[in-house]
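Participant: The following block contains a protein sequence and its predicted model.
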Amino acid sequence: MTTSTARVPAKINLALAVGPRRDDGYHDVATVFQTLDLHDEVRATARPDGQITVRVHADVDEQVEHADVPTGDDNLAVRAARRLAEVAGVETGVDLVIRKVIPVAGGMAGGSADAAATLVACNAVWKLGLGRDVLDSVAADLGSDVPFLLHGGTAVGTGRGERISPALARGSYRWVVATAAEGLSTPDVYAELDRLNAHREVPDPQVSEDVLTALRSGSPAELGTMLTNDLQKAAISLRPELRDTLDVGLGAGALGGIVSGSGPTCVFLVHDEQHGLDVSFALASSLTCADVVQARGPVPGARLLS
């Protein structure tokens, strides 16, 4: 059977403004996304019986199953394959194998990344030849971050985050990523934000022009002072230890630090690789996080490897 593999990066939010809760339960957001070179891979193998299956592995040799990722219809990659098959009238099935590197429930859109990679891999393995405009439409039905992860780079997201426009940005940025031992539920974080905002008027979300100006300058030092995330206070309310992680990274000289998305992963902007090593060592020595890695951004979105 035909096989195709797609690689997809993680994302972070350089700025995330969250509006009031809508009648449908969602929130409008205004955000600046950036992709980092922490990649998942999705391998799609066509099967003749119309079934869609998924296996998730924590290592490249596929010897260790990833217990934290659902393998049924709740898996966003399965939903992506099924939705693409419906749109394209495909009767062929597919076996999906996901190799996880992006933290699970870490605020870096790992599930959405796998959905984006699945669309690219299945488009190839089913020989559909669909353009990115069609894939974008399918992606928008799947989740707020999926359309951005098809494209990657640095971009502004509005609506639920699914309406994407490129951001004028210069340069490359080095990040230190501090992961937590346990994930955080995105719905739980939004619910906590609503609780914290219950007695205040929440304005409509907007991306600060200061963030966009910093990106146009290409200066990490300027961008570091502009990192903002309205979900951070809710994530810290649910996990107070995240404040310790942020304090350690900033105390070690990071240019800026923020909870990534809904958390609990924290990311720190640094000057260069050596600066990143210094911040990484401080975080690893503090025992306030489970793991620390360096990453670079922006990078392209979901792409075929084979």
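Facilitator: Yes, it's here.
Participant: C-alpha coordinates for stretch 146-153, CSV please?
Facilitator: The C-alpha trace of stretch 146-153 is given here as CSV (Å, rounded to 0.1, in the frame of the first residue of the first chain):
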residue,chain,number,x,y,z
VAL,A,146,-5.1,23.7,12.4
PRO,A,147,-5.2,26.3,9.5
PHE,A,148,-2.1,28.1,10.9
LEU,A,149,-0.2,24.9,11.2
LEU,A,150,-0.8,24.1,7.5
HIS,A,151,1.2,27.3,6.7
GLY,A,152,3.5,28.0,9.6
GLY,A,153,5.8,31.0,10.0
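Participant: any low-confidence regions in this protein?
Facilitator: Where the chain drops to pLDDT under 70, the residues are 1, 59-68, 70-71, 306.
Participant: top strand in it by residue count?
Facilitator: strand 27-47 (DSSP state E).
Participant: roughly how far apart are the residue nearest in space to the middle of the chain and residue 51?
Facilitator: With distances taken as CA atoms, centre = their mean, residue 109 lies nearest the centre of the chain, 2.6 Å away. The gap separating residue 109 from residue 51 is 27 Å, by CB to CB, to the nearest Å. Placement of C-beta: from N, CA and C, glycine included.
Participant: got it, and residue 304?
Facilitator: 23 Å.
Participant: where along the stretch 51-200 of the chain do the strands fall?
Facilitator: 52-57, 93-99, 154-158, 163-166, 173-179 (DSSP state E, counting those that start in this stretch).
Participant: most neighbours per residue, which of these?
Facilitator: strand 173-179 (a mean of 25; mean count of other CB atoms under 10 Å).
Participant: What pairs with that one, parallel or antiparallel?
Facilitator: strand 266-270 (antiparallel), strand 291-297 (antiparallel) (DSSP bridges).
Participant: give the contact list for residue 100.
Facilitator: 40, 56, 57, 58, 66, 69, 110 (CB atoms under 8 Å, 6 or more residues apart in numbering).
Participant: Kindly apply the preceding question to residue 142 instead.
Facilitator: 76, 79, 80, 83, 112, 115.
Participant: can you list the domains in this protein?
Facilitator: 3-167, 173-297 (automatic domain parsing).
Participant: Quick one: neighbours of residue 82, just the number.
Facilitator: 17 (other CB atoms under 10 Å).
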